[in-house]
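> can you look at this prediction? I've put the sequence above it.
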Amino acid sequence: MHDIFSAEQQPAGAFRASAPAAFLQLLVAKAQIAAVPRIIIDGPSGSGKSTLGKYLARQLDAELVHLDNVYASWDGLADAGQRVATELLGPLSQGQVGRIRHWDWHRNKPAKWQEVSATRPVVVEGSAALNSKTAPLATLRIWVEVADEAARKNRALTQRPGGEIYAPYWEHWGAQERAHITAEKPYKLADLWVRPGVLPGEPLYTLVAGEL
């Protein structure tokens, strides 16, 4: 599969870190420019959003919101993205507590609320997290993509817990992700475009476009 982004879409002056540590340190420093970082990480399944989100949350002592916990069933991608704005980042931008509802996948019904204080950094990661409603409410917006479709599918289905449950829904979920990308063009809303390494010896992450 060809890259999601053509050469014409990628800004000039892309910076590539030569070592994982160098890139990640620069990324944390960029996130810390904001007094209270509010970071969105978007990208298709298997692109490495969760790994990057966990790392940033640890480094920033931030609340981590996994949209995998928020999607209301296998048809809930777009709705979850909108709720990031209305339930979470919108209130936070007004100095109020942000609250977003989790989904109980086993009982197929709404579950607990996850609350975030307006004074605490937050990292939101998941497909559809970055859209026209959420972008203005974030201090840093990151798009993660994998150039090789087979590698991305392998990461999503074999290198994460529950991959065997996800497998029958791969195409169904992918159609929603593609609809999100077509409608919202999250890669154009992002400050940084990041690509994970998929082969032995490759950097954990490489910055494809943007400035650190």
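Looks like it arrived, so ask away.
> contact partners of the strand or helix carrying residue 39?
For residue 39, the host element (DSSP states H and E) is strand 38-42. For strand 38-42, contacts defined as C-beta atoms under 8 Å, 6 or more residues apart in numbering pick out 31, 49, 52-53, 56, 60, 62, 84, 89, 92, 121-130, 134-135, 137-144, 186, 190. All C-beta spots, glycine's among them, are computed from the backbone N, C-alpha and C.
> from the chain's centroid, how far away is it?
The chain centre lies 6 Å from the centre of strand 38-42; the measure is C-alpha atoms, centre = their mean, to the nearest Å.
> adjacent strands (with direction) for that strand?
Here strand 38-42 has these sheet partners by DSSP bridges: strand 122-125 (parallel), strand 140-144 (parallel).
> quick one: average pLDDT of the first one?
Going back to what we said before, that points to strand 122-125. Mean pLDDT, computed over strand 122-125, is 98.
> list the contacts of it.
Here strand 122-125 has contacts from 37-42, 49-50, 52-53, 56-57, 60, 62-67, 84, 88-89, 92, 98, 116, 134, 138, using C-beta under 8 Å, 6+ apart.
> so where is the protein shaky, pLDDT-wise?
Scanning the chain for pLDDT under 70 picks out 1-21, 148, 151-164, 197-203.
> biggest helix in it by residues?
Longest helix in the chain, counting residues (DSSP state H): helix 170-184.
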